[in-house]
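> I'd like to go over a predicted model; first the sequence, then the structure.
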Amino acid sequence: MAAARARVLGARWLQKTARSVLPLGARTAFHMTKDMLPGPYPKTPKERAAAAKKYNMRVEDYEPYPDDGMGYGDYPKLPDRSQHERDPWYDWDHSDLRLNWGEPIHWDLDMYIRNRVDTSPTPVSWDIMRKQLFGFVAFMIFMFWVGETFPSYQPVGPKQYPYNNLYLERGGDPSKEPEPVIHYEI
């Protein structure tokens, strides 16, 4: 009885010690520290200046998201521009994302990375692109209609069969000799 009680207490002690020594898996999976998370929404100019310094921005350039309860806090509202618009020949610290170390990242970075939305201005206006697309589609529909209405086929000769034009297989009289067929070779 005492041995069973000692085993139970030993198992409880081991579980308690393991919990305090080993962190839980959910905690270690979270990659952002407390310093990286947005703080409370800045209400005074002093708090605003501290938040701008936290995100390595000038106070004039710093503008937080509106305090609408979405949890943005003091995170800066960056312009909605994709990374296509950033200089590709600049020596970025992280060249794939075109970011430097310590630079604030857009809240919707996953939407504005280079293999997603491109917000850069197009060289041709949307009106001209639409006219070109619909003009091409209308031209192709017209050409398909012409092809269906006036078909043209390559001229071909009669079908040639081997072994005397398959005389017996095609219903010829076995008692008669088939006519000799001249096959042309290329």
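All right, it came through fine. Numbering: from 1, shown residues only.

> give me the distance between the nearest residue to residue 107 once chain neighbours are set aside and residue 99.
Nearest residue to residue 107, sequence neighbours excluded (C-beta to C-beta, 6 or more residues apart in numbering): residue 75, at 6.2 Å. Just so you know, the C-beta spots here come from the backbone N, C-alpha and C atoms, and that holds for glycine as well. The gap separating residue 75 from residue 99 is 16 Å, by C-beta to C-beta, to the nearest Å.

> give me the more crowded residue out of those two.
residue 75 (20 against 17; other C-beta atoms under 10 Å).

> residue contacts, the nearest residue to residue 165 once chain neighbours are set aside?
Excluding the flanking residues, the one nearest residue 165 by C-beta to C-beta, 6+ apart is residue 181, at 4.6 Å. Counting by C-beta atoms under 8 Å, 6 or more residues apart in numbering, residue 181 touches 160, 164, 165.

> and these, which are buried?
Applying 16 or more other C-beta atoms under 10 Å to the contacts of residue 181, the neighbour count classes residue 165 as buried.

> quick check: of the contacts of residue 181, which lies closest to residue 84?
Nearest to residue 84 among the contacts of residue 181 is residue 160, at 61.1 Å by C-beta to C-beta.

> torsion angles phi and psi at residue 76?
Note on residue 76: its backbone torsions stand at phi -70, psi 140 [degrees, to the nearest 10].

> any weak-confidence spans in the protein?
Applying pLDDT under 70 to the chain flags residues 1-2, 4-11, 13-14, 17-32, 183, 185-186.

> try it again with 90
Counting by pLDDT under 90, the chain has low-confidence residues at 1-39, 56, 67-72, 80-86, 94-99, 101-124, 151-186.
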